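S.K.: with the input below, show me the fold.
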Amino acid sequence: ALDLIENSEVEVIIGPQKSSQAAFVAELGNRSQVPIISFSATSPTLTSCLIPYFVRTTLNDSSQVNSISSIIKAYGWREVVLIYEDTDYGRGVIPNLVDALQGIDTRVPYHSVIPLSATNDQIMEELYRLMTMQTRVFIVHVSSFVGSHLFLNAKEAGMTTGGFVWIMSDGLANIVDSLDPSVIESMQGTLGVKLYVPKSRKLDDFTTRWKRRFQQDHPNDQQAELSIFALWAYDTVWAVAMAAEKIGIKVANFRKPRIVTNSTVLETLGTSMNGPKLLKAILDSRFKGLSGEFYLIDRQLQSSIFQIINVVGKGERGIGFWTPEYGISKQLNNTKRYSTLITDLNTVIWPGDYNAVPKGWDIPVSGKKLRIGVPVTQGFPHLMNVETDPVTNSTMANGYCIDVFETAIKKLPYSIPYEYIPFKTIQGELAGSYNDLTYQVYLQKYDAVVGDVTIRHNRSLYVDFTLPFTESGVSMIVPVADGTKKNAWVFLKPLTLDLWLGSLAFVIFTGFVIWVMEHRINSDFRGPFSQQLGTIFFFSFSTLVFSHREKIENILSKFVVIVWVFVVLVLTSSYTASLTSMLTVQQLQPTVTDVHELLKHGDYVGYHKGSFVEGLLKQLNFDESKLRAYETTGEYFEALSKGSQNGGVSAIVHEIPYIKLFLAEHCTGFTMIGPIYKTAGFGFVFPKGSPLVLDVSRAILNLTDGDSILQIEKKWFGDQNACLKQRNIISSDNLSFRNFWGLFMITGVVSTCALFIFLLMFLHKNWHELKGIDSNKPFWQRIGSWASYYNNKDMNSYTFRADGPYSTSPATNSKYGDVADPEATTCENSPNQQGFLMTDSDATHYPLAEESSSGEITRVAA
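M.R.: Predicted structure coming up:
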C-alpha cells in the first residue's frame, strides 16, 4: 500500500481482504487522502468516524445479528454457545450478537474462542469440552479456513448427529458452495444466513461469460461458482470507474510534503488533491449492480434481505427469508406483520437427517445425574417427606410435591437421571430457611430444588421457577363457634328490613286494588269508611294464611288474587324454612373474620416455622412478641384449641395448601379465612436460564389439564369433599327483597294492569253520565263529583239485579234474610234521595233498595 501511494501515486486502493489489514491500510488512506475500499472486511470495529477514507462495499457483520436471533427465537432455544475465531473479524461482531440474544431472553453460558493457529487436536479438545455442557445450540462465526477444520472435527467427535444445532454466520454461509465436498458433507443439517442476491438478466449474462472465461483460462480445473464476494468486487470496480469519470480525473495530482532530516516513510507520503472529490463521488454512487442495489450509507453497503439456508446434500437450500420489516417469512413480498414463528419457515433437515426440531440441550455425555435438593421438614409429610435409608444411606423422598415432579419428568420426551440430596444439618434438621435452600441453586450446589417452595419475587432474582402446581395465597385458620343469638325476637330475623317493608307495601297495595274493583258490585266491600278501611287490610293480611272470607265477584280481582296468593305461598314457605333453620340448626361462624381484628385486639398469631409468612406478618405491623412459631398440625390444633388467652393463638397464618391439609385432618371446629395475601403457589427451582424450566412447565400444564393431578391429590389429601360436608359453615344471610324482587314485580305489574283496565271499563260504561255531572265546575271539583258517583252501587251489575245474589224479595228484604240489613236506614221523601220514592202501598209490589248521595243505603218499608 505504501508503494502504491508513494511510487505509483494511485488515487484509490481496492482490496484489503481482512479486517485487520483494512484497519492498517485505512490509516495510510487517511494520511494521503486516498480512498481505501474493501469488499470483504466486515468487522464492526472499522468505524467510518475514525477512518473517514475507508469505504466498505460489503455488509457490516452487525447487520446479520437480528436475523440469527430471530431463528433462535423461532425455535425457542434458551441457551446458545458462541464459537468464533480469535481475530478482529471473529471478535468484532460478538458484542452485537450477545446484545441481540439478550433481547430475546437467550443466555450465552460459554464463549468458545478458536485461534487461527489451532491444531486439530486443540479443536477436538475444545469440542469435547462443549460436549460436557448441556447446551447443544452453536452459533459459528469463523473464516472458511477455521470453519473447515471445525466441522470436520465436529463430525469426528459425533457432534453432527441428532440433537445438535449448528448455525453459521454469513462469513461461511456465503461461500458454502465453494467449500471442499468433505467439508460440506460434515455440515449436513447446518443452518446459516447469507445475503440475498436477487436474480436479474444482467447477473445471468455475467455468470455465463465468467464461466466461459474460467473454462478457457483453467481447462483442467473443476468449475467454480461465483460467490457474493466476486459480485461485490465487480460492483466496487464499477463504482470507482463511474466516480472517476464523473469528476474527470486525467492525471494523478499529489502534493509532496517538505522532507526533513530523519523523516519516516509515513511523513514523506504525498497527499492526493483528487481524493476528497473522488471519495464524495464514490459515496454518492447508486446503481443496479450484480449483487443488487448498490448504495452506501455511513460509508458502507446497505442491504435489508437475508436468506436462511439449510445445508443438504452437495450444497444448500433456502428455507426462508428475513427482513427488518417483517422478520421471518417463507417468501418475499410478504405483507403480514412482523413474525418470528417457526411456521413461517420451511421444513429443516437437521443434523443426523432428522425432521424433529432439536430441543437445544441435553444431559452431558458424562452421565452425571441432576442433583435435586429437597427440604427436610416434619410438619406436613403429605406434602414433602424425606427419609434416609439406613442400609444404603441413600435419600428417599415422597409426598405430593415429589409425585408431581416425578410425574412431570416422566412426561418429558427424554429421560433425565437425577438424585435427591437432603438440605439438612448433621442433626437431621432443615439447614436454614427456604430462601437459603433456593440460594443453593444459585451457588451451583444443587441443579434444582423440589419441594414445597413458594414462588417469591426475591427468590426469582437469582433462580428460575417453573409454573406453579398448587393454589396460591396466604390465609388464616381460625376456630368456629355457634354465632346465632336465639331471643324473643328471633322470628323477625329470617327477613331483612327491606323485605318486611316491601311485603307490607304490597299487602296494602293489593288490598286497595281489590277494594277498588269490588266496591261497586260487592256488598262485602261496602259500608262505613272505617269498615271499608278494615276490609282492605283484613282481606290482604288474611290471604297470608289463606283465611279470607270475602267473596270476590270481579274477574279481574280474581286474577289479581290468584297471582298474589302464589307470591304469598312462596314468601311464607321461604320464611318458614329460614326460621326453622335458625331455631334448629347450629350456625357456625368464624371467631375472627379479618386479620386486622387480630391487630386491634392484640391477639397472638401463629405461623409455620421457617416460612416467609413471619416476614409477611411483620410487614402487617404485628409485634414480634405476638407471633408464635409451630411446626406440625398437632401443634396447630393444640394452639388454636387453647386460644390466645390461654397460651395459644387466635389464628394461624399459612399458605393455602398447608391449610387444606390441616382442615382435612380436623374436619370440624375450624375454618379458613382469606386469602389475606396473594402468592404464586409452589414451583420447582432451577438455575437462571435453565432449558428445563420451559419443558417441566409444559409438563405441569399437561398434568393440570388432565386428571393426573386429581389422582395425586386424592392419593395424598384424601376425599376433601367428604370433610367439607362435615364442617360446612351455614351462611347467616337473611332473606332480602333482592331474593324476591321478581315475584313482587310480577304481582305489582298484574295488579296495576288490572286496575288500569278496570278504570278504563268504568269510564267507558259510565261516560255518558259522568260527562254531565257538574259540567260547569272546575276540573278538580268534577273529580270529586265523579268519585261520589263511583261510590254508588252499580245497580246494573249482576250482583244487584233482581236475579242476582244480592236481590230483595217480598219474603226477604236483603241478603241477610229476615234479619234487618245493617246498612239499611229509613228515609222517607228525602229531597237528596236518588231514584224513586215509593208509598206504602207501592212498596209491596216494588220492594226496591235506594242509595243516597252520601252512599248510605235506604230502604222503603213495605
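S.K.: in the stretch 201-350 of the chain, which spans are helices?
M.R.: For the stretch 201-350 of the chain, helices defined by DSSP state H, counting those that start in this stretch occupy the ranges 201-217, 228-247, 275-283.
S.K.: Glu85 is nearest to which of those helices?
M.R.: Glu85 lies closest, by C-beta to C-beta, to one member of those: helix 228-247, at 17.8 Å. The C-beta positions use only the backbone N, C-alpha and C, and glycine is treated the same way.
S.K.: could you check the angle helix 201-217 makes with that closest one?
M.R.: Angle of helix 228-247 versus helix 201-217, following axes from the mean of the first three to the mean of the last three C-alpha atoms, to 10 degrees, is 110 degrees.
S.K.: what's the spacing between helix 228-247 and its chain's center?
M.R.: Relative to its parent chain, helix 228-247 has a centroid offset of 55 Å by C-alpha atoms, centre = their mean, to the nearest Å.
S.K.: repeat that for stretch 66-77.
M.R.: That offset, for stretch 66-77, works out to 24 Å (C-alpha atoms, centre = their mean).
S.K.: what residues sit buried inside it?
M.R.: 66-75, 77 (16 or more other C-beta atoms under 10 Å).
S.K.: coming back round to it: can you tell which of the helices of the stretch 201-350 of the chain is closest to Ile36?
M.R.: Taking these one by one with C-beta to C-beta, helix 275-283 is closest: 9.9 Å.
S.K.: mind naming the longest helix for the chain?
M.R.: The residue-count maximum for a helix in the chain (DSSP state H) belongs to helix 737-770.
S.K.: so which elements touch that one?
M.R.: On a contact count with 3 or more C-beta pairs under 8 Å, 6 or more residues apart in numbering; DSSP states H and E, helix 737-770 meets helix 497-518, helix 555-584, helix 779-790.
S.K.: and the angle from that helix to helix 555-584?
M.R.: Helix 737-770 runs at 160 degrees relative to helix 555-584, counting by the same axes, to 10 degrees.
S.K.: now the angle from helix 737-770 to helix 497-518?
M.R.: Helix 737-770 and helix 497-518 meet at an angle of 20 degrees, taking the same axes, to 10 degrees as the criterion.
S.K.: now do helix 737-770 and helix 779-790, the angle between them.
M.R.: Using the same axes, to 10 degrees, helix 737-770 lies at 90 degrees relative to helix 779-790.
S.K.: now do the buried residues in helix 737-770.
M.R.: 737, 740, 743-744, 747-748, 750-751, 754-755, 758, 762, 766, 770.
S.K.: ok, back up a step: quick one: which of the buried residues of stretch 66-77 sit in helices?
M.R.: Reading helices off the buried residues of stretch 66-77 with DSSP H, I get 66-75.
S.K.: tabulate the residues you listed (JSON lines), appending distance to Glu553.
M.R.: Shown next, in JSON lines, are these (distance: C-beta to C-beta, whole Å):
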{"residue": "Asn66", "distance to Glu553": "91"}
{"residue": "Ser67", "distance to Glu553": "93"}
{"residue": "Ile68", "distance to Glu553": "94"}
{"residue": "Ser69", "distance to Glu553": "90"}
{"residue": "Ser70", "distance to Glu553": "88"}
{"residue": "Ile71", "distance to Glu553": "91"}
{"residue": "Ile72", "distance to Glu553": "90"}
{"residue": "Lys73", "distance to Glu553": "85"}
{"residue": "Ala74", "distance to Glu553": "85"}
{"residue": "Tyr75", "distance to Glu553": "87"}
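S.K.: surely Gly602 meets Asn621?
M.R.: No: using C-beta atoms under 8 Å, Gly602 is not in contact with Asn621; the gap is 11.8 Å.
S.K.: who's more crowded, these two?
M.R.: More neighbours surround Gly602 than the other of Gly602 and Asn621, with 11 against 8 (other C-beta atoms under 10 Å).
S.K.: mind checking how far the more buried one is from Lys714?
M.R.: Here Gly602 is placed at a distance of 41 Å from Lys714 (C-beta to C-beta, to the nearest Å).
S.K.: swap in Cys753?
M.R.: Look at Cys753 and Lys714: by C-beta to C-beta, they are 57 Å apart.
S.K.: Pro35 too?
M.R.: Distance, Pro35 to Lys714, by C-beta to C-beta: 80 Å.
S.K.: so for the two, which residue has more residues nearby?
M.R.: Neighbour count, other C-beta under 10 Å: between Pro35 and Lys714, Pro35 has more, with 28 against 12.
S.K.: right, and the more buried one touches Asn274 too?
M.R.: No: applying C-beta under 8 Å as the test, Pro35 and Asn274 come out as separate, 9.9 Å apart.
S.K.: list residues touching both of these two?
M.R.: Overlap of the contact sets of Pro35 and Asn274 (by C-beta atoms under 8 Å, 6 or more residues apart in numbering) consists of Glu11.
S.K.: wait, Gln792 touches Arg520, no?
M.R.: Residue 792: Asn, not Gln. Yes: counting by C-beta under 8 Å, Asn792 does reach Arg520; the two are 7.2 Å apart.
S.K.: looking at those two, which one has more neighbours?
M.R.: Arg520 (23 against 14).
S.K.: and the gap between that one and Tyr790?
M.R.: In this view, Arg520 and Tyr790 are 7 Å apart by C-beta to C-beta.
S.K.: try Asp221
M.R.: Distance, Asp221 to Tyr790, using C-beta to C-beta: 124 Å.
S.K.: if we ignore the residues flanking it in sequence, what's nearest Asp221?
M.R.: If the residues on either side of it in the chain are set aside, Asp221 comes closest to Phe214, at 7.9 Å by C-beta to C-beta, 6 or more residues apart in numbering.
S.K.: got the phi and psi for Ile5?
M.R.: Dihedral pair for Ile5: phi -80, psi -40, per degrees, to the nearest 10.
S.K.: so Gln64, which state does it fall into?
M.R.: Recorded secondary structure, Gln64: helix (DSSP: H, G, I helix; E, B strand; the rest coil).
S.K.: for it, give me its contacts.
M.R.: By C-beta under 8 Å, 6+ apart, Gln64 lies in contact with 93, 169-170, 193, 306.
S.K.: ok, and the closest non-adjacent residue to Phe151?
M.R.: Once flanking residues are discounted, Phe151 sits nearest to Ser186: 4.3 Å by C-beta to C-beta, 6+ apart.
S.K.: and for that neighbour, the neighbour number?
M.R.: 23.
S.K.: with Tyr677 instead?
M.R.: 17.
S.K.: again, but for Val193
M.R.: Look at Val193: counted by other C-beta under 10 Å, it has 24 neighbours.
S.K.: tell me how far it lies from Trp77.
M.R.: From Val193 to Trp77 the distance is 16 Å (C-beta to C-beta).
S.K.: do I have it right that the residue nearest to Asp221 meets Gln223?
M.R.: Yes: with contacts counted by C-beta under 8 Å, Phe214 reaches Gln223, the gap being 7.0 Å.
S.K.: out of those two, which sits in the busier spot?
M.R.: Neighbours were counted for Phe214 and for Gln223 using other C-beta under 10 Å; Phe214 has more, 14 against 8.
S.K.: what is the nearest of the ones in helices among the buried residues of stretch 66-77 to Asp204?
M.R.: Ser67 (26.6 Å).
S.K.: so how many other residues sit close to the residue lying closest to that closest one once chain neighbours are set aside?
M.R.: Nearest residue to Ser67, sequence neighbours excluded (C-beta to C-beta, 6+ apart): Trp322, at 4.0 Å. Using other C-beta under 10 Å, Trp322 is surrounded by 27 other residues.
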